Each structure stands twice: as structure tokens, then as C-alpha cells.
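Enquirer: Here is the input, now give the coordinates:
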Amino acid sequence: MADVSIIYSSEISTSNPDDSPVIIIGQSSNLVKLPFNIVEGKFNGKVSESTFLATITTAAIATGEELPLWLKRFTVTGVSNKSSRHNAPCRAHLFTKQLKSLWSGSSNETVLIVCKRDDVFALGCAVSRAFPLYNRKSKNRQKGREIQIEFYLTDESDISVEGDDKREDTNEEIVQKISEDDVKCLQEAAYSIRNAARLVDTPCSEMNTLHFINEVKRVGIELGIEPTIIQGEELDAQGLGGIYGVGKGAICPPALTILSHTPDGATHTIAWVGKGIVFDTGGLSMKTKSTIVGMKRDCGGAATVLEAFRAAVKLGFKENLHCLLCLAENAVGPLSLKPDDVITLFSGRTVEVNNTDAEGRLVLGDGVAYASKILQCDTIVDVATLTGAQSTTTGKIHSAVLTNNEQWETAVCQIGKLTADLCYPIIYCPELHFNEFNSAIADMKNSVADRSNAQCSCAGLFIGSHIGFDFPGVWIHLDMAATVHAGERATGWGVALLLALFGVASKCTTLNNLAPSGILESKEK
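Expert: Numbers count the residues shown, from 1 in each chain. A predicted model of the protein is given here:
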């Protein structure tokens, strides 16, 4: 993929297809509402209104087809309206897929998205996923290309015009555009989504724990926040036995990094905790030659949390927000954690290690306990590529959500459909499932006895046990093991979800409008 900058615009520009190719994309029901006069300035007189309308009509029927209006410099493509109740109604995944195939890569281009206002955020984010940043190809790298993203909104106008300014009996078109607040929101969200994907796509030789700490410092400098970094032997000294144990066998030391945003007037304290295993060999319970490939992606949760935090603070966040990254390389060496070892996590609870390839829950157990005990967080979200069982439980498009709060469970799934970071709930029932971790010599083992008994839920419950199942606040676990990538590329999954889920705490109107109502207040009632 060529190096591309994405620029969002609130205006529909004029252009010449000979100089700047144009792609018009939208769902069938929206495409047919696009008037010729709105895009006439992009044709430079090369396309007639009748040809335009005929092509739009065909694109609305033949969804997924590439229909050229002017050679291959002006293309129209339709996206299916069909959407089941567990899918994103705007079908954002198809937008990403079709834009990847349509982009010529030869010059600057314009993408005009025809949609409803409620879908602007999801579709704007979908565009960013089509143009990944990481690229080590030695040939055909094209730098300095720009993609300008424009929107035409098909909602019925809610503009009220009174008195002499009433425009009854007139053919003047009222063009609904996205706002400058939308533009700023999309620019920050897209930047973070693409950078989260870059962190995941980058191999461990270029993104070990030390490199990842530098990424934390980069975000800290941008936001004016000094990170807390607990690293190497200091982890052991402070009782963070999970992170230390998993990472002590690697050349680059493990770390817990914390970025804290603490504005005046905050009434809630929120933690986003990310699993940052920069490479997972499985440890001494080693993966096979086929399952070990792609384990650079095991830092997906940390990448999501770091970049979501960056965007949230940049856009203005009114509550206390902490970003905790549990960084380690699960390597094989003379100091590696061994099966049968007993370690003590930050919660004070002891764990008998019966599977060194169940390491993510060990580092996250420390992360959530630190968020609860030291940072006094009342809402804790952990994000992780935790289990292979996630894809067999909720599939390759929907991440799994496990939580102690039913209202938040509903909210996460609702926001998942609005942002196209899809989620589906899994069973929360610790009284039935946590005995899978019974140990004769420690408080628990780290891997289940019966892998056929709600394995994805059990893995999440292990993390939750380190803040306690009687935790009075909200705990949410997001397992993104399969959704972290699509094919050979990372997706940046979860950035848009976290921004919108906590949109009520944002100063950004776009995120406010997406946010579910009442969830941050619900725990006080």
C-alpha cells in the first residue's frame, strides 16, 4: 500500500477527473438520492446528467460493481442495504473492502461518501482502514498521495426557515454537509485507527517493548502528559508478578506504562487497560510453526488503548482517564516462566502456571488490579487479543464482550453497530465457570481444566477475578483476538468503539451524539 494522507472535508469540491480521480460510494438507498448538480463540478463537463443518473441507478442495483462514469477516472460503486440485526446498518466493512479495490494509487483522489448523518463516523473510520501505514516494500512505494474524503448527507433537512427567508416554491437545493466538529473528530479518529494498525502490523524486530515505550512517550509528548513507566526488575519489586513473569525471559524487559489525564471537575475515574504482548511464542508451552505466525499482533489491545486515549484527550475528555499498557514479549529463554511455577499477581492472589501460552490474562490481571487499587478507577475496560476461542465463539468480525454490568453490555453492542467495531456478548457467570481454574496449591491456575466449557468467558473471568467479582464499579473485557486483523492487515479495531462508547465524557459534539445515554451515571443510582 502506498503512503497516503487522508484529509476529511466539510465541503464538496470541484475538480477535473483528468487530474484527480473521483470515487462515489454509498448504499443503494442513499446513492439514488444524490442529485446531479451536487457533483456536476467534479465532471468538468465530461458527463451528462442523463449518463450520471443512469449510472447511479445501475450502481444501486448492481452493488459491489465498479461502474466508470469517465474512463476509470470517475467511478461509482454501490453498497448493499441488507443488514441483519447484529450487523452495522451502514455496512462499513464493505466500504473498506471496496475502497481498497477501487483506489488506483496513481495520484491524489477524492472519495465522496453518500450516506445518512448517523453513519458519518462509522464510514469515515472505515475509509481509514483501507489505507494502512506500515510498508516495507522496496519497490513501487508512492509517497505524498492524498485522499480527500467528502460527504453528501441524504437525511431530510431539519433546517427551519422562517419569514421572508422561507424557500417554498423554489428548486434551490439545501445541501446537508458534515460540520467542522465532524471533520476534526474524523481526522483524529482516523489518525489513531491507522496508527493502532501500524503498531500491530509492525514486526517485533521493530516493535519490541522498548519501541512500544517510545510510542507511549510519543503520545505523552503530543498530549503534554508524562508517562509512568514501571520496567524490568522494578515490576517484581512492586508486586506486578504477572507482567514480570511473562516478560522476564525476553531480551527487552517487560513494562507497565501509564498515561493519566486528570482534568478539573472530573467525577468519574476510567481506566483503559491494553494487553501488549509484542510477540507471543507461547513461552515454554510453545506454539506450533503455523500458529506462531502472526503473533506480532498480540499487542493489538495495547495499540487500541494507546491510540484511543490519544484521540480522546485530543478531542477533549471531561473525566479522569488512565491508559495502562501491559507490555511484554512472551519469549523462550533460561529465565522464562515455566509450567508449575507459582507467581503472585498485583492483586495479591497466587497463580499456578499450567500453560505459559495463557499469558495475556496474567499481564492483564496485574493491569486491572493496578487500575483498581492504585488509580481507584470506578470503570475499567480491558482490551486484548486474549483467546483463540474468541473466533469460534463470536466470529471473525464481532469481538467478544464480557462484563459485570448488563446496561454497559447493551451499550457496547449498540455502539459496536454505530461504529462498525462490532461486538457480541458472552456469558458472565463466575459462580458456574470460575472453578475451571481450581488449583490444589495456589489460589488458581491460569488455564481451564475443560476447554469446552465457555472457554472465552473463563479467560475473561480470570482477569476480572483480580479486581474481584464483588467489584462495585463497572468492568468490561473486550476480546479482539480475531478482529485485530482482516487478512494480513491490522484493522485498528476498538479505537472508534472506545471513543463513541465514552462519548458522553467528550467535548466533541460528534461523539456526544453517538454516545449511549446514562451509562456513566448508572453506577451511582
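Enquirer: Wasn't residue 6 part of a helix?
Expert: No: using DSSP: H, G, I helix; E, B strand; the rest coil, the assignment for residue 6 is strand, not a helix.
Enquirer: now the stretch 151-300 of the chain, which segments are flagged as low pLDDT?
Expert: Residue ranges of the stretch 151-300 of the chain with pLDDT under 70: 157-175.
Enquirer: which residues of it fall in strands?
Expert: When assigned using DSSP state E, counting those that start in this stretch, the strands of the stretch 151-300 of the chain occupy the ranges 228-231, 255-261, 269-280.
Enquirer: Direction included, what does the shortest one pair up with?
Expert: So the one you mean is strand 228-231. Note on strand 228-231: by DSSP bridges, its sheet partners are strand 255-261 (antiparallel).
Enquirer: and the angle for the partner strand with strand 269-280?
Expert: For strand 255-261 against strand 269-280, the angle by axes from the mean of the first three to the mean of the last three CA atoms, to 10 degrees is 150 degrees.
Enquirer: Any chance you could give me strand 255-261 in PDB, C-alpha atoms only?
Expert: C-alpha atoms of strand 255-261 as PDB (Å, rounded to 0.1, in the frame of the first residue of the first chain):
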ATOM      1  CA  ALA A 255       6.900  -2.900  31.500                       C
ATOM      2  CA  LEU A 256       3.700  -1.400  32.800                       C
ATOM      3  CA  THR A 257       3.200   2.100  31.300                       C
ATOM      4  CA  ILE A 258       0.500   4.600  32.500                       C
ATOM      5  CA  LEU A 259      -0.700   7.800  30.800                       C
ATOM      6  CA  SER A 260      -3.100   9.800  33.000                       C
ATOM      7  CA  HIS A 261      -5.500  12.600  32.000                       C
END
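Enquirer: Now do it: distance to the chain's middle.
Expert: A distance of 19 Å separates the C-alpha centroid of strand 255-261 from that of its chain, computed with CA atoms, centre = their mean, to the nearest Å.
Enquirer: what's in contact with it?
Expert: 209, 213, 216, 219-220, 223, 225, 227-232, 235, 240, 243, 247, 306, 309, 312-313, 317, 320-328, 366-367, 370, 375 (CB atoms under 8 Å, 6 or more residues apart in numbering). In this view, the C-beta of every residue, glycine as well, is placed from N, C-alpha and C.
Enquirer: Filter these down to the buried ones, PyMOL style.
Expert: In PyMOL, selecting the buried portion of these, with burial taken from 16 or more other CB atoms under 10 Å, looks like this:
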select buried, resi 209+213+216+219+220+223+225+227+229+230+231+232+235+240+243+247+306+309+312+313+317+320+321+322+323+324+325+326+327+328+366+367+370+375
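Enquirer: Kindly list the longest helix within the protein.
Expert: As assigned by DSSP state H, the longest helix anywhere in the chain is helix 180-201.
Enquirer: Help me confirm that residue 317 comes into contact with residue 263.
Expert: Yes: using CB atoms under 8 Å, residue 317 and residue 263 qualify as a contacting pair, with a distance of 7.0 Å.
Enquirer: so residue 149 makes contact with residue 10?
Expert: No: contact criterion CB under 8 Å: residue 149 and residue 10 do not qualify, at 10.4 Å.
Enquirer: Of these two, give the one with the bigger neighbour count.
Expert: Relative neighbour count places residue 149 above the other of residue 149 and residue 10, with 23 against 14, counting by other CB atoms under 10 Å.
Enquirer: Could you report the distance from the more buried one to residue 415?
Expert: In this structure, residue 149 and residue 415 are separated by 22 Å, where distance is defined by CB to CB, to the nearest Å.
Enquirer: From residue 186, how far off is the nearest residue to residue 507 once chain neighbours are set aside?
Expert: The spatially closest residue to residue 507, leaving aside those adjacent along the chain, is residue 316, at 2.9 Å (CB to CB, 6 or more residues apart in numbering). Taking CB to CB as the measure, residue 316 and residue 186 are separated by 15 Å.
Enquirer: again with residue 409
Expert: Here residue 409 is placed at a distance of 27 Å from residue 186 (CB to CB).
Enquirer: With neighbour numbers in mind, choose between the two.
Expert: For residue 409 versus residue 186, the count of surrounding residues by other CB under 10 Å is larger for residue 186: 25 against 19.
Enquirer: Next, the buried residues of the longest helix of the chain.
Expert: Using 16+ other CB under 10 Å, the residues of helix 180-201 that count as buried are 181-201.
Enquirer: now swap in stretch 462-476 and tell me
Expert: Going through stretch 462-476 with 16+ other CB under 10 Å, the ones that come out buried are 462-467, 471, 473-476.
Enquirer: And for stretch 10-25?
Expert: 12, 15, 17, 20-25.
Enquirer: Among the residues you listed, name the ones in strands.
Expert: Residues from the buried residues of stretch 10-25 lying in strands, with DSSP state E as the criterion: 22-25.
Enquirer: wait, which of the residues you listed is closest to residue 429?
Expert: Using CB to CB, residue 25 is the member of those that lies nearest residue 429, at 43.1 Å.
Enquirer: which ones are touching that closest one?
Expert: If you count contacts by CB under 8 Å, 6+ apart, residue 25 has them with 76-79, 95, 98-99, 102, 111-114.
Enquirer: among those residues, which one has the lowest pLDDT?
Expert: Taking pLDDT as the measure, the contacts of residue 25 have their low point at residue 102 (83).
Enquirer: Could you check how far the closest residue to residue 128 other than its chain neighbours is from residue 217?
Expert: Take residue 128 and drop its neighbours on the chain: the residue closest to it by CB to CB, 6+ apart is residue 190, 3.7 Å away. Applying CB to CB, the value for residue 190 to residue 217 is 22 Å.
Enquirer: cool, residue 135 as well?
Expert: Here the criterion is CB to CB. By it, residue 135 lies 23 Å from residue 217.
Enquirer: next one: residue 278
Expert: Going from residue 278 to residue 217 by CB to CB gives 16 Å.
Enquirer: So, low pLDDT: which residues of the stretch 351-500 of the chain?
Expert: Low-confidence regions of the stretch 351-500 of the chain, defined by pLDDT under 70, are absent; no residue qualifies.
Enquirer: mind listing the helices in it by residue range?
Expert: Counting by DSSP state H, counting those that start in this stretch, the stretch 351-500 of the chain forms helices over residues 360-373, 389-394, 406-419, 430-433, 455-464, 495-501, given from the N-terminal end onward.
Enquirer: For my notes, confirm residue 111 occurs in a strand.
Expert: Yes: with three-state DSSP as the criterion, residue 111 is located in a strand.
Enquirer: so it touches residue 23, yeah?
Expert: Yes: when contacts are counted by CB under 8 Å, residue 111 is listed as touching residue 23 (4.9 Å).
Enquirer: intersection of neighbour lists for these two?
Expert: Counting by CB under 8 Å, 6+ apart, the residues touching both residue 111 and residue 23 are residue 99.
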